[in-house]
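Show me how the following folds:
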Amino acid sequence: MNTVKKEASLLVQGYEVVIGFETHAQLATQSKIFSRAPTAFGAEPNTQACAVDLALPGTLPVMNRGAVEHAIRLGLALGSHIAEQSVFARKNYFYPDLPKGYQISQFEIPVVQGGEVSFFLGDEKKSVRLVRAHLEEDAGKSLHEEFHGMSGIDLNRAGTPLLEIVTEPDMRSSAEAVAYAKELHKIVTWIGICDGNMQEGSFRCDANVSVRKPGGELGTRREIKNLNSFKFMQQAIDYEVRWQIEQIEDGHAIQQATVLFDPDTGETRAMRTKEDAADYRYFPDPDLPPLVIARDWVEQVKASMPELPRQMAERLVRDYGLPEYDATTVTQSPAMAAYFEAAAKACGQAKLVSNWIMGEVSRRLNAEERDMADVPVSAAQLAALIARIADGTVSNNAAKQVMDALWSGEGSDVDAVIQAKGLKQMNDAGALEAIIDEVMAANAPMVEQFRAGKDKAFNALVGLVMKASKGKANPQQVNDLLRHKLQ
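Numbering: from 1, shown residues only. Below you'll find the model as predicted:
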């Protein structure tokens, strides 16, 4: 493969990026989609594959009701049409880890049709349309690393239930694609149909990437397979876009292909030419009758659904006065949403709570590679800390020192930490005026500079007052009193 040129103009000038996604969400069922074999991750190879999974003669598939119910839940969550009758088909291809020589999937009539996923990209609200979500079985896995000159076959995953979620080509950048994937990941984990573990293969994304001149015909797409982290997803798409643009600029045609991303080199490389639907010779599976979903079953599932992230975000905007962006962010997971609401109810400072969760709390969790379920500071402790910020007891900087103590377990009571560390903010106007007078007297030239119109001198004076108070002065009071004295 040619080395990709790095000119910035080549990355954007004259080209529009077009991205569509196919996501395989492994459904959180105890058994496989057409057999009773277990689906637990990490078992010894070939210990969770039964006669049905091995395609032994005389075996017949039997539909897993739980997998269908998970598909219904997704359709309800995304505003999709849930087909009253859908059909299973055989998708024919040969891989060593596909014992039957075909995969049971859905083609012409999928169980979930249409719908959309809405999300924020920065402050901008975006929406991606869905084509379909269909039920299918997973294949096994080929193992190469442990065998010299040979490959091993592990059929534990064969027959694991998947829901393949397919979008329209609505995304126009790698950042938008990652934001979509994160939102979909949030939804499938929120409603409990998938554990979302990307490292274990429970949530696998394929990105269909092409480029074109704005307004022109869609370009030839290349499919980047099995992206198992959001970081690699963005890197892979960015590289693929650069590569395709370079090929076109050099006069080469893009060939439809399936490619893999190598995180060590940061490059995509072709794995095989990309098949079309006709190559798979789909036909209805004769061993499975049409899947019929009664309306009352859909209503029963609907009644069991949790409050969805977008519904909760709307409620947080309405009941707590949060900006829409904040409400969407704090509903990233059920754990974060519950943490926010508990803290906001306890202290009555919803906006401050969301600021701290999106800022200080998330920063610390990310640095330690922990998730919200493992946050070491309880919602009650955060609420107590924010209450002390709101009533002026501590400044924001001092509050971060209190958070340090709470986070490390050095202290558990907010007021006790403030007292022990001497972090209480100085709010006494008389004491502050005395410090300001001393600073002004000792820095008369700076005072004159401000009065002559040099605004930077004011910030310098504020800094000197804060230093004189050992950082304990209330910054807002200092600003107000100093401005009054400088008039």
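
surely Trp243 meets Thr268?
Yes - counting by Cβ atoms under 8 Å, Thr268 is a contact partner of Trp243 at 6.7 Å. Every residue, glycine included, has its C-beta placed from N, CA and C.

shared neighbours, these two?
Counting by Cβ atoms under 8 Å, 6 or more residues apart in numbering, Trp243 and Thr268 have no common neighbour.

in the protein, which strand has the most residues?
Longest strand in the chain by number of residues, with DSSP state E as the criterion: strand 124-137.

Buried by neighbour count: which residues of that one qualify?
126, 128, 130-137 (16 or more other Cβ atoms under 10 Å).

elements contacting it?
Here strand 124-137 touches helix 65-77, strand 102-105, strand 112-113, strand 116-121, strand 161-167, helix 174-190, going by 3 or more Cβ pairs under 8 Å, 6 or more residues apart in numbering; DSSP states H and E.

Output the buried residues of strand 124-137 as a markdown table; include the columns pLDDT and distance to Ala383.
Shown next, in a markdown table, are the buried residues of strand 124-137 (pLDDT from 0 to 100; distance: Cβ to Cβ, whole Å):
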| residue | pLDDT | distance to Ala383 |
| --- | --- | --- |
| Lys126 | 94 | 33 |
| Val128 | 98 | 36 |
| Leu130 | 98 | 39 |
| Val131 | 98 | 44 |
| Arg132 | 97 | 44 |
| Ala133 | 98 | 39 |
| His134 | 98 | 45 |
| Leu135 | 98 | 44 |
| Glu136 | 97 | 46 |
| Glu137 | 97 | 47 |
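
Show me which of those residues is closest to Phe119.
Of all the buried residues of strand 124-137, Phe119 sits closest to Lys126, with 5.7 Å by Cβ to Cβ.

related to what we said a few turns ago, pull the longest strand of the chain out as PDB, backbone CA atoms only.
Taking Å, rounded to 0.1, in the frame of the first residue of the first chain, the C-alpha atoms of strand 124-137 are listed here in PDB:
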ATOM      1  CA  GLU A 124     -24.900  20.200  17.800                       C
ATOM      2  CA  LYS A 125     -27.700  17.700  17.800                       C
ATOM      3  CA  LYS A 126     -27.400  15.000  15.100                       C
ATOM      4  CA  SER A 127     -29.600  12.100  14.000                       C
ATOM      5  CA  VAL A 128     -28.700   8.900  12.100                       C
ATOM      6  CA  ARG A 129     -31.500   7.000  10.400                       C
ATOM      7  CA  LEU A 130     -31.600   3.200  10.700                       C
ATOM      8  CA  VAL A 131     -32.400   0.900   7.900                       C
ATOM      9  CA  ARG A 132     -33.000  -2.200  10.000                       C
ATOM     10  CA  ALA A 133     -31.900  -4.500  12.800                       C
ATOM     11  CA  HIS A 134     -32.100  -8.200  12.200                       C
ATOM     12  CA  LEU A 135     -31.500 -11.300  14.300                       C
ATOM     13  CA  GLU A 136     -28.800 -13.700  13.300                       C
ATOM     14  CA  GLU A 137     -26.300 -16.200  14.800                       C
END
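
Now do it and strand 116-121, the angle between them.
Relative orientation of strand 124-137 versus strand 116-121 (axes from the mean of the first three to the mean of the last three Cα atoms, to 10 degrees): 140 degrees.

thinking again about what came up before, I'd like to know which of the helices and strands packed on strand 124-137 is closest to Ser469.
Of all the helices and strands packed on strand 124-137, strand 116-121 comes closest under Cβ to Cβ, at 40.2 Å.

Taking helix 174-190 as reference, get the angle to the longest helix along the chain.
If you go by DSSP state H, the chain has its longest helix at helix 230-249. Helix 230-249 and helix 174-190 are oriented at 140 degrees to each other (the same axes, to 10 degrees).

Look up the closest residue to the residue nearest the centre of the chain, ignoring the ones flanking it.
Within the chain, one residue has its C-alpha closest to the average C-alpha position: by Cα atoms, centre = their mean, that is Lys182, at 2.4 Å. Spatial nearest neighbour of Lys182, excluding adjacent residues (Cβ to Cβ, 6 or more residues apart in numbering): Phe230 at 6.2 Å.

From Gly359, how far off is the one you found?
Separation of Phe230 from Gly359 (Cβ to Cβ, to the nearest Å): 20 Å.

Quick check: which helices or strands does the following helix or strand past the longest helix of the chain pack against?
The helix or strand immediately downstream of helix 230-249 is strand 257-262, counting by DSSP states H and E. On a contact count with 3+ Cβ pairs under 8 Å, 6+ apart, strand 257-262 meets strand 222-227, helix 230-249, strand 267-273.

Let me know which of the ones you listed is the nearest to Asp404.
Once the helices and strands packed on strand 257-262 are compared by Cβ to Cβ, helix 230-249 is nearest, at 28.1 Å.

pretty sure the residue nearest to Lys182 is touching Tyr180, no?
No - counting by Cβ under 8 Å, Phe230 stays clear of Tyr180, with 10.6 Å between them.

between those two, which one's more packed in?
A count of neighbours by other Cβ atoms under 10 Å puts Tyr180 above the other of Phe230 and Tyr180, at 24 against 16.

which residues does that one contact?
21, 117, 119, 126, 128, 167, 171.

swap in Arg172?
When contacts are counted by Cβ under 8 Å, 6+ apart, Arg172 touches 16-19.

give me that answer again for 6 Å
When contacts are counted by Cβ atoms under 6 Å, 6 or more residues apart in numbering, Arg172 touches Val17.

Need the pLDDT of it.
Looking at Arg172, its pLDDT stands at 94.

Pull up the gap between it and His144, please.
For Arg172, the distance to His144 - Cβ to Cβ - is 36 Å.

Ok, Ile435 next?
Distance from Ile435 to His144, by Cβ to Cβ: 71 Å.

ok, the two, which is more surrounded?
A direct count of neighbours by other Cβ under 10 Å for Ile435 and His144 places Ile435 higher, at 19 against 9.

The more buried one and Met466 touch, don't they?
No - assessed by Cβ atoms under 6 Å, Ile435 is found out of contact with Met466, at 9.4 Å.
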